[in-house]
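Novice: Fold the following, please.
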Amino acid sequence: METKKKVNHDLEFELEAEYRYFYDAPQFSEQLDHYPSIAFRPAYSTDWKDGYERINFKGFVRWDRDDSRTHWDIRELYFQKAKNNWELSAGLKKIYWGVAESNHLVDIINQTDAVESFDGEEKLGQPMVQFSWITNHWGTFDFFYLPIHRKRTFPGEEGRLRFGTVIDRDDLRYESGAEAWRQDFAIRWKYFVGAFDIGLSHFYGNGREPLFVFTPAGDIDAFYPVINQTGLDLQITHNAFLWKLESIHRHADAQDFVALVAGLEYTFSNIDGNGLDIGLLGEYLYDERDELALTALQNDVFFGSRVAFNDIQDTSILFGGIKDLEQSSTIFSIEASRRFGSSWTAEIEARIFSNIDNSELILSNFENDSFLRLRVSRFF
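Specialist: Numbers count the residues shown, from 1 in each chain. As a prediction, this is how the structure comes out:
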């Protein structure tokens, strides 16, 4: 008798209440101090054929006091099939590359959701076809076809962490005549051998970062250039040490530069036998674009510590700072999270912009934007 094929389903919802408070007077008119918001994150997955075929979905909606931060997105909606030594995915998906803590240089597949977070770690779903080939001796090869480009959204007139000139994403041009429909491609090779974890990638297509040109009148002209970017990410594990490196070379007709972030992390594990882990982090950041770097990290050092209590509540704290080696500019940050019961999570984030130098073309716009963010989430 034919057995019935088992199909698994998993449906989850996350409801989030967020409050952001900027405690310095705004630098630009129309900006506010208090920003309450609500976010909703549904997630659904189904798989069959013992998990070799599946569909994943992750959605996102936020209602915020800043109209430009009120937005929705399909983070993921893709079909995946695995067989023998290959996998094929098609749809909207999120891909992460990189090993560094302070700046993710090689992570280029997805567009940054710039209104959602300051650190650039929130990403928009990217339409793609991904084919992965897993070999026994030569690592894994990932091939990407990216049929459409997604523009970055910036804070509106009432929003904080914005430039003096409000940027409307519809005003950002493309270097390519095909505009958003220029076909992009990427390939990545990853390999594990001994203590070494290596990734080598190349991307060709519309850049994810817009190129900003500041006019003498103080206006901003921005467009997405066609780029070739070659990236290397390397992590070496040696006892309690993690040595990390990310480096890119990006070429475009309007801009050619090299950037890197290199550093280490050392972890004191299970201190006094109570499960407490404390990691010490240090990284150096360099960007050949100098003050024109969109991240404003052109010759800086990052220092910090990661504390994991490894308790039932999954309590963790990450704090640190980024110091410019040429100017007085410093950014301090702290991120902490704790779970309450089986369905509640609380998070705290703070960013402090200290002694921002006027020569910083990017950071000088944020010098009054130090903030505290509180977030409470309920999972269903």
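Novice: Can you pull the poorly scored residue ranges out of this protein?
Specialist: Applying pLDDT under 70 to the chain picks out residues 1-4, 214-219, 291-296.
Novice: correct me, but residue 265 touches residue 238?
Specialist: No: counting by CB atoms under 8 Å, residue 265 sits too far from residue 238 to count as a contact (11.2 Å). Every C-beta, even on glycine, is put in place using the N, C-alpha and C of the backbone.
Novice: Compare neighbour counts for these two and give me the winner.
Specialist: Neighbour totals were compared for residue 265 and residue 238, and residue 265 leads with 21 against 9 (other CB atoms under 10 Å).
Novice: Pairing partners for the strand ranked longest in the chain, with directions?
Specialist: Assignment by DSSP state E gives strand 255-271 as the longest strand of the chain. According to DSSP bridges, strand 255-271 forms sheet pairs with strand 241-252 (antiparallel), strand 276-287 (antiparallel).
Novice: State the distance from the nearest residue to residue 314 once chain neighbours are set aside to residue 124.
Specialist: Nearest residue to residue 314 in three dimensions, chain neighbours excluded: residue 339, at 4.8 Å (CB to CB, 6 or more residues apart in numbering). For residue 339, the distance to residue 124 (CB to CB, to the nearest Å) stands at 27 Å.
Novice: Give me the more crowded residue out of those two.
Specialist: Neighbours per residue, other CB under 10 Å: of residue 339 and residue 124, the larger number sits with residue 124, 22 against 17.
Novice: Not counting its neighbours along the chain, what's nearest the more buried one?
Specialist: Of all residues beyond its chain neighbours, the one nearest residue 124 is residue 111 (4.5 Å), with distances taken as CB to CB, 6+ apart.
Novice: can I assume the one you found is in contact with residue 152?
Specialist: Yes: using CB under 8 Å, residue 111 is in contact with residue 152, at 5.8 Å.
Novice: joint contacts of the two?
Specialist: residue 208 (CB atoms under 8 Å, 6 or more residues apart in numbering).
Novice: contact partners of the helix or strand harbouring the residue nearest to residue 314?
Specialist: Element membership for residue 339, per DSSP states H and E: strand 330-340. Residues outside strand 330-340 that contact it (CB under 8 Å, 6+ apart): 119, 304, 313-324, 345-355, 363.
Novice: how far is that strand from where the chain is centred?
Specialist: Average the C-alpha atoms of strand 330-340, do the same for its chain, and the two points are 16 Å apart (CA atoms, centre = their mean, to the nearest Å).
Novice: Number the residues from 20 up from this point.
Specialist: New numbering, starting at 20: the last item is strand 349-359.
Novice: So which bits of it are buried?
Specialist: By 16 or more other CB atoms under 10 Å, the buried positions in strand 349-359 come out as 349-354, 356-358.
Novice: Now flag whichever of those residues is closest to residue 245.
Specialist: When those are ranked by distance to residue 245 (CB to CB), residue 350 comes first, at 31.4 Å.
Novice: sorry, back to before: how far away is the residue nearest to residue 333 from residue 116?
Specialist: With distances taken as CB to CB, residue 358 is found 28 Å from residue 116.
Novice: Also residue 40?
Specialist: Between residue 40 and residue 116 the distance is 33 Å, computed by CB to CB.
Novice: Just the CA trace of the helix or strand residue 339 falls within, in PDB.
Specialist: Here residue 339 sits within strand 335-343, counting by DSSP H and E. Output in PDB follows, covering the C-alpha atoms of strand 335-343 (Å, rounded to 0.1, in the frame of the first residue of the first chain):
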ATOM      1  CA  SER A 335      23.100  38.900  26.000                       C
ATOM      2  CA  ILE A 336      24.800  42.200  25.900                       C
ATOM      3  CA  LEU A 337      27.000  43.700  23.200                       C
ATOM      4  CA  PHE A 338      28.700  47.100  23.800                       C
ATOM      5  CA  GLY A 339      31.500  49.000  22.100                       C
ATOM      6  CA  GLY A 340      32.700  52.000  20.300                       C
ATOM      7  CA  ILE A 341      34.200  53.200  17.000                       C
ATOM      8  CA  LYS A 342      36.900  55.800  17.100                       C
ATOM      9  CA  ASP A 343      38.100  57.800  14.100                       C
END
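Novice: Check which helices and strands that strand sits against.
Specialist: strand 318-327, strand 349-359 (3 or more CB pairs under 8 Å, 6 or more residues apart in numbering; DSSP states H and E).
Novice: how about the ones you listed in a markdown table, adding distance to residue 68?
Specialist: Compiled in a markdown table, the helices and strands packed on strand 335-343 are given as follows (distance: least, CB to CB, whole Å):
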| stretch | distance to residue 68 |
| --- | --- |
| strand 318-327 | 37 |
| strand 349-359 | 34 |
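Novice: which residues does the closest residue to residue 84 other than its chain neighbours form a beta bridge with?
Specialist: Spatial nearest neighbour of residue 84, excluding adjacent residues (CB to CB, 6+ apart): residue 54 at 4.8 Å. Here residue 54 sits in beta bridges with residue 39, going by DSSP bridges.
Novice: What is the burial count for residue 318?
Specialist: Residue 318: 16 surrounding residues under other CB under 10 Å.
Novice: Please tell me how far it sits from residue 302.
Specialist: Per CB to CB, residue 318 is found 13 Å from residue 302.
Novice: Kindly report the same for residue 205.
Specialist: Counting by CB to CB, the separation of residue 205 from residue 302 is 25 Å.
Novice: just residue 77 next, same as before
Specialist: Residue 77 sits 30 Å away from residue 302, going by CB to CB.
Novice: The two: who's more crowded?
Specialist: More crowded of residue 77 and residue 302, by other CB under 10 Å: residue 302, with 25 against 21.
Novice: which residues sit in contact with the residue nearest to residue 84?
Specialist: By CB under 8 Å, 6+ apart, the contact list for residue 54 reads 38-41, 83-85, 88, 179.
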